[in-house]
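Asks: got a predicted model here, sequence first, then my questions.
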Amino acid sequence: MLDLNRQDLAKRLITPSSRSDVPPFMVMDVMSAAARIEAGGGHVIHMEVGQPFASAPKTAIEAARRALGGRIAYTEALGIPSLRARIAKYYADTHRLDVDPERVIVTTGSSAGFILAFLAMFEAGARVGIANPGYPPYRHILTALGCEPVLIETNASTRWAVTPDTLRDVHAKTPLDGILIASPANPTGTMMTPEALSALIRAAEECGIKFISDEIYHGLDYAFPAETALRISDRALVINSFSKYFCMTGWRIGWMVAPEAMVRPIERLQQNLAISVPHLSQIAAEAAFDGHVEMDAVKHGYEENRRILTQGLPGAGLDTFLPVDGAFYLYADIRKFSDDSFDFARRLLQEAHVAATPGVDFDPRDGKHFIRFSYAGSQDEVREAVTRIGKWLKR
């Protein structure tokens, strides 16, 4: 009996917490499977990960090289003051907005921004609305922090966006504490017009719902210019990153613009959770703003990839997809070929060597009918992908 108790006690010592029981980010599993094919000599076209094929701006790389000759140390928890000021200037240059640098917080990518925002804005048990389909870590981070993600359905009739009426209906059934919206969105690539975004923010505030705007794909807009929530309300919290437009995914550097009352609470959290954001990445990020010409050329490459896919996939057999407004994603309906997007993606990778992400990663309800293609790679690779997909579907 004593041995059994010891076994039970020993088991308790290595039992993971319930908050760690979140689903995997499936796109990373696809990436691992693709790597195994490549290790065996296969050539995989990567359309699974939302990662630019281009490098960081030359201005950023050169600034980092120069900095390596000196001391790389802790910085202020909120970020280097000159970088915070440069981010504020970005809003003046891009949106003609006067943003106080004191409201700018530098983060370790947008991922850390979400963690800090959720901790600062919501108590454990808070209900936070997110559009469905949507970016999986929204759900997973909220769950790990003890909050409840509330999926708000979108469809073609609302142009795949949350509307004020939908928000009010969800809130009336069981009150929401917050809502998180992305435009351009992942995985859909759809965008909200300035008018639609403004109406949604106003509706949220009228209901007492805190608003977070994920603007990580700003700068990658094709159908019309992306609007920032900062123009609409100084009570909204904005999260952005250098990962997408500036091609700095591995540098792990992002930022937030928070309501004034939220800055000190977020600073305290940052001090304790991370101390500061990597110094070298901050130096590079500040210099990245001088690389707009180079980054705009990369954006034009995405636009060409967008054209290749939207014109080529219908002939290959995938003729139904959501509006491709921005970011670098195309979300395609596969239901005439399969009702299991995970199996579809697995076979596409194994048999055609094209890596894509199953819709179930983004939509636990109807994602079985969709697959996401990232077109952040080269034109040659995207053209080859269309050819491979067409041959595979027509076997």
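Replies: Cool, got the structure.

Asks: which ones are touching residue 89?
Replies: Listed by CB atoms under 8 Å, 6 or more residues apart in numbering, the contact set of residue 89 reads residue 289. Where you see a C-beta, it was placed from the backbone N, CA and C, and this is true even at glycine.

Asks: what about it, helix or strand, and which?
Replies: Assigned by DSSP states H and E, residue 89 falls within helix 81-95.

Asks: what mean pLDDT does that helix have?
Replies: Helix 81-95 shows an average pLDDT of 98 in the prediction.

Asks: so after that helix, what's the next helix or strand?
Replies: strand 104-107.

Asks: and the helices in the stretch 51-200 of the chain?
Replies: 58-67, 81-95, 109-121, 136-144, 164-173, 194-206 (DSSP state H, counting those that start in this stretch).

Asks: dump the ones you listed to TSV, plus distance to residue 181.
Replies: As requested, the helices of the stretch 51-200 of the chain are exported to TSV (distance: least, CB to CB, whole Å):
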stretch	distance to residue 181
helix 58-67	29
helix 81-95	17
helix 109-121	13
helix 136-144	10
helix 164-173	10
helix 194-206	7
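
Asks: quick one: closest of those helices to residue 395.
Replies: Minimum separation from residue 395 across the helices of the stretch 51-200 of the chain (CB to CB) falls at helix 136-144, 30.8 Å.

Asks: so how far is the closest one from its chain's centroid?
Replies: Put simply, helix 136-144 sits 12 Å off its chain's centre (CA atoms, centre = their mean, to the nearest Å).

Asks: which parts of it are buried?
Replies: By 16 or more other CB atoms under 10 Å, the buried positions in helix 136-144 come out as 136, 138, 139, 141, 142, 143, 144.

Asks: helix 109-121 and that helix, what's the angle between them?
Replies: Note on geometry: by axes from the mean of the first three to the mean of the last three CA atoms, to 10 degrees, helix 136-144 and helix 109-121 are set 30 degrees apart in direction.

Asks: A helix includes residue 11, no?
Replies: Yes - judged by DSSP: H, G, I helix; E, B strand; the rest coil, residue 11 forms part of a helix.

Asks: and it, how many neighbours?
Replies: Residues lying near residue 11 (other CB atoms under 10 Å) number 9.

Asks: pretty sure residue 355 contacts residue 31?
Replies: Yes - between residue 355 and residue 31 a contact is recorded at 7.1 Å, counting by CB atoms under 8 Å.

Asks: higher neighbour count, those two?
Replies: A side-by-side neighbour count of residue 355 and residue 31, using other CB under 10 Å, places residue 355 first with 25 against 17.

Asks: who's the more buried one bridged to?
Replies: Following DSSP bridges, residue 355 is listed with bridge partners residue 46.

Asks: and it, what pLDDT?
Replies: Confidence at residue 355, expressed as pLDDT, is 96.

Asks: and the residue nearest to residue 186 when sequence neighbours are not counted, backbone torsions?
Replies: If the residues on either side of it in the chain are set aside, residue 186 comes closest to residue 135, at 4.7 Å by CB to CB, 6 or more residues apart in numbering. The phi and psi torsions at residue 135 (degrees, to the nearest 10) take the values phi -70, psi 120.

Asks: residue 135 - how many residues pack around it?
Replies: By the criterion of other CB under 10 Å, residue 135 has 23 neighbours.

Asks: what touches both of residue 355 and residue 31?
Replies: Here residue 355 and residue 31 share the contacting residues 46, 48, scored by CB under 8 Å, 6+ apart.

Asks: residues contacting the residue nearest to residue 186?
Replies: By CB under 8 Å, 6+ apart, the neighbours of residue 135 are 182, 186, 187, 214, 362.

Asks: let me have these in JSON lines, extended by distance to residue 56, neighbour count and pLDDT.
Replies: Shown next, in JSON lines, are the contacts of residue 135 (distance: CB to CB, whole Å; neighbours: other CB atoms under 10 Å; pLDDT from 0 to 100):
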{"residue": "182", "distance to residue 56": "23", "neighbour count": "23", "pLDDT": "98"}
{"residue": "186", "distance to residue 56": "21", "neighbour count": "24", "pLDDT": "97"}
{"residue": "187", "distance to residue 56": "24", "neighbour count": "27", "pLDDT": "97"}
{"residue": "214", "distance to residue 56": "21", "neighbour count": "26", "pLDDT": "98"}
{"residue": "362", "distance to residue 56": "27", "neighbour count": "29", "pLDDT": "95"}
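
Asks: identify the farthest-apart pair in those residues.
Replies: Based on CB to CB, the longest span within the contacts of residue 135 runs between 214 and 362 and measures 13.8 Å.

Asks: ok, residue 393 touching residue 319?
Replies: No - Residue 393 lies out of contact with residue 319 (CB under 8 Å); the separation is 10.9 Å.

Asks: so for those two, which residue has more residues nearby?
Replies: More crowded of residue 393 and residue 319, by other CB under 10 Å: residue 393, with 16 against 11.

Asks: looking at the more buried one now. What's its pLDDT?
Replies: So residue 393 comes in at 96 (pLDDT).

Asks: again with residue 4
Replies: Residue 4 carries a pLDDT value of 63.

Asks: ok, which stretches of this protein are strands?
Replies: Here the chain has its strands, by DSSP state E, at 45-46, 104-107, 127-132, 148-153, 178-182, 210-214, 237-241, 254-257, 329-333, 354-355, 357-358, 370-374.

Asks: dump the ones you listed to a markdown table, plus distance to residue 204.
Replies: Compiled in a markdown table, the strands of the chain are given as follows (distance: least, CB to CB, whole Å):
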| stretch | distance to residue 204 |
| --- | --- |
| strand 45-46 | 37 |
| strand 104-107 | 22 |
| strand 127-132 | 9 |
| strand 148-153 | 12 |
| strand 178-182 | 6 |
| strand 210-214 | 5 |
| strand 237-241 | 12 |
| strand 254-257 | 17 |
| strand 329-333 | 25 |
| strand 354-355 | 37 |
| strand 357-358 | 29 |
| strand 370-374 | 27 |
